[in-house]
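Chemist: Kindly generate the corresponding structure for this input.
(one chain, ligands or ions: 1)
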Amino acid sequence: MHADEILRALHLDPDQLRAGDRVVHSPIDGLPVARLKETDQAGAEAAIGRAAAAFRDWRAVPPPRRGELVRRFGNELRAHKDALGALVTLECGKIIQEGLGEVQEMIDICDFAVGLSRQLYGLTIASERPGHRMAETWHPLGVVGIISAFNFPVAVWSWNVTLALVCGNATVWKPSEKTPLTALACQALLRRAMAEIDEAPEGLSEVLVGGASVGEQLVDDPRVALVSATGSTAMGRAVGPRVASRFGRSLLELGGNNAVIVTPSADLDLALRAIVFAAVGTAGQRCTTTRRLFLHRDIADQLVARLRQAWQSVRVGDPRKPDTLVGPLIDQAAFDKIQRVLEQLRAEGSRVHGGERVNPEGLDGGWYVKPAIVDRRGVAENVLEETFAPILHVFDYDALDEVIERHNAVPQGLSSAIFTTDLREAERFLSATGSDCGIANVNIGTSGAEIGGAFGGEKETGGGRESGSDAWKAYMRRQTATVNYSRELPLAQGIRFDIS
Ligand code: UN1
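Modeler: Numbering: from 1, shown residues only. Predicted structure coming up:
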């Protein structure tokens, strides 16, 4: 499909997307696909104001009715899955399968949120006083600011917006400046669903198109009760303290430095397939991408040989072609960064395989790279920094205790995996003395989590949890309510305070 056809299929008018200064390039060939009008300071101020006003109405709409909006949004996504998937591919360079997968992830979270809209459970608590009842109620929070990254331009927003909406909040979204088109498409689909729900006020979902300054405005505005931000640790380091300084809440989903351990008992065929997907899929540009691989010395030679072969044969190229497995990097800066990192590793004496530029025919302006493997067997030191690229560092180990220490000895703590058929090793990895990450898998790679679980990680990953389980609680305020239905006034802690 041609770009204009994709945009029209998503209810966007291509002519209106050519009138601004912000040029959107496709990483597929580097050519411009749109010129968008940016949101200026006054525009952002007004958008946050509309969201704040919308919140005042929306918070009083019964949650199952709020769920009805999200159900209809899910139906819009189903009806537009191919077009939105194609736009994700066009704007961020993901292969078609992954573009579609991202839209499926949106549909799944819609279903989850609809179910949630009839739950939002609170606890009842045993009161120490006779004739008293204690309960916890979850109330809507306010305006939720969503800052998202280029690599999951639509799914991560959907985790936030669907939960925020059923929880009774309004949202303001600042997408990555590299992927604003997909944001406008999502907004158009959500607005179609809103048009079918009388109670849905204008301003329930706002989008800010722009760079860091508009993001900062969202971060600093006291009307924004929660800032949910996905991106680098550097971004989180800037956002977290700023939101905290005004006593706002933040939910941070930052860098990962995810590792896989392969033990001697592992099913190596299965491990190989999982590692390839997790390390080179999405061109290594997932926060859950496998960056470090620890192989037991008994199986290391064998597996490294097979991995190198797989790395050589992986098809890099046009993400729109069905047999491509690795599409382009997001831009030249990403390519240059890979070259710098690999150059330094070579200078330090590491054996680097891959990492060369690939030039698919007719796509000269795109930045394609052969995934790289860095063989660091025999080297004890760790990789402490995340390079958002398809570079896999391979280490070897002798003992499980030792490798778990090395696995955890990095500043980040998002996702982790062990490949083993030994119950003791698997359970140890999942225990309190095992992986210190927010996500820990057995015989599954580090990426590609389902929406039903809470998603996020520890340490410099930011500590936030989004998506499934009880992550919805971050989007609500908790109220402890105690009711006295007796004729007495017993005080808590048995305090006596008689006035006559
Ligand atoms: C991200 O890269 O920011 O688990 C999110 C995964 C996806 C989400 C990744 N479901 O890889």
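Chemist: can you give me the offset of whichever helix or strand Ala86 is part of from its chain's centre?
Modeler: Following DSSP states H and E, one finds Ala86 within helix 81-92. Taking the mean of its C-alpha atoms, helix 81-92 sits 17 Å from the chain's own mean (CA atoms, centre = their mean, to the nearest Å).
Chemist: for that helix, packing partners?
Modeler: Packing contacts for helix 81-92, counted by 3 or more CB pairs under 8 Å, 6 or more residues apart in numbering; DSSP states H and E, involve helix 3-9, helix 96-116, helix 180-195. For the C-beta atoms, the positions are set from N, CA and C on the backbone; glycine is no exception.
Chemist: closest to Phe429 out of those?
Modeler: Judged by CB to CB, the one of the helices and strands packed on helix 81-92 that comes nearest to Phe429 is helix 96-116, at 26.0 Å.
Chemist: Now the element after the closest one, going C-ward?
Modeler: Reading on from helix 96-116 to the C-terminus, the next helix or strand found by DSSP H and E is strand 124-125.
Chemist: what does that next one contact?
Modeler: Here strand 124-125 makes contact (CB atoms under 8 Å, 6 or more residues apart in numbering) with Arg133, Met134, Ala135, Glu136, Thr480.
Chemist: Tell me which of those fall in strands.
Modeler: In this view, those that belong to strands under DSSP state E are Arg133, Met134, Ala135, Glu136, Thr480.
Chemist: Out of these, the closest to the ligand would be?
Modeler: The shortest approach to the ligand among the ones in strands among the contacts of strand 124-125 belongs to Glu136, at 30.3 Å (CB to the nearest ligand atom).
Chemist: beta partners of the closest one?
Modeler: Listed by DSSP bridges, the beta-bridge partners for Glu136 are Thr480.
Chemist: Which elements pack onto the helix or strand encompassing Pro241?
Modeler: When elements are assigned from DSSP H and E, Pro241 belongs to helix 233-245. Here helix 233-245 is seen to pack against helix 212-220, strand 224-230, strand 249-253 when contacts are counted using 3+ CB pairs under 8 Å, 6+ apart.
Chemist: now the angle between strand 224-230 and the first one, please.
Modeler: If I follow you right, that is helix 212-220. Orientation check (axes from the mean of the first three to the mean of the last three CA atoms, to 10 degrees): helix 212-220 against strand 224-230 gives 130 degrees.
Chemist: Show the pLDDT at the residue most central in space within the chain.
Modeler: In the chain, the C-alpha closest to the average C-alpha coordinate belongs to Val156, at a distance of 4.5 Å (CA atoms, centre = their mean). At Val156, the predicted lDDT confidence score is 98.
Chemist: pretty sure it is in a helix, no?
Modeler: Yes: under the criterion used here (DSSP: H, G, I helix; E, B strand; the rest coil), Val156 sits inside a helix.
Chemist: My guess is it contacts Phe150. True?
Modeler: No: no contact is recorded between Val156 and Phe150 when judged using CB atoms under 8 Å, the distance being 10.4 Å.
Chemist: Output the helices and strands packed on helix 233-245 in JSON lines; the columns should cover distance to Gly349, mean pLDDT and mean neighbour count.
Modeler: Rendered in JSON lines, the data for these read as follows (distance: least, CB to CB, whole Å; pLDDT from 0 to 100; neighbours: other CB atoms under 10 Å):
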{"stretch": "helix 212-220", "distance to Gly349": "38", "mean pLDDT": "97", "mean neighbour count": "19"}
{"stretch": "strand 224-230", "distance to Gly349": "36", "mean pLDDT": "98", "mean neighbour count": "25"}
{"stretch": "strand 249-253", "distance to Gly349": "35", "mean pLDDT": "98", "mean neighbour count": "24"}
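Chemist: Using JSON lines, lay out those together with distance to the ligand.
Modeler: As requested, the helices and strands packed on helix 233-245 are exported to JSON lines (distance: least, CB to the nearest ligand atom, whole Å):
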{"stretch": "helix 212-220", "distance to the ligand": "17"}
{"stretch": "strand 224-230", "distance to the ligand": "6"}
{"stretch": "strand 249-253", "distance to the ligand": "6"}
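Chemist: out of those, which comes closest to Val410?
Modeler: When those are compared by CB to CB, strand 249-253 sits nearest Val410, at 17.0 Å.
Chemist: Of all the helices and strands packed on helix 81-92, which one is nearest the ligand?
Modeler: In terms of CB to the nearest ligand atom, the element of those nearest to the ligand is helix 96-116, at 5.9 Å.
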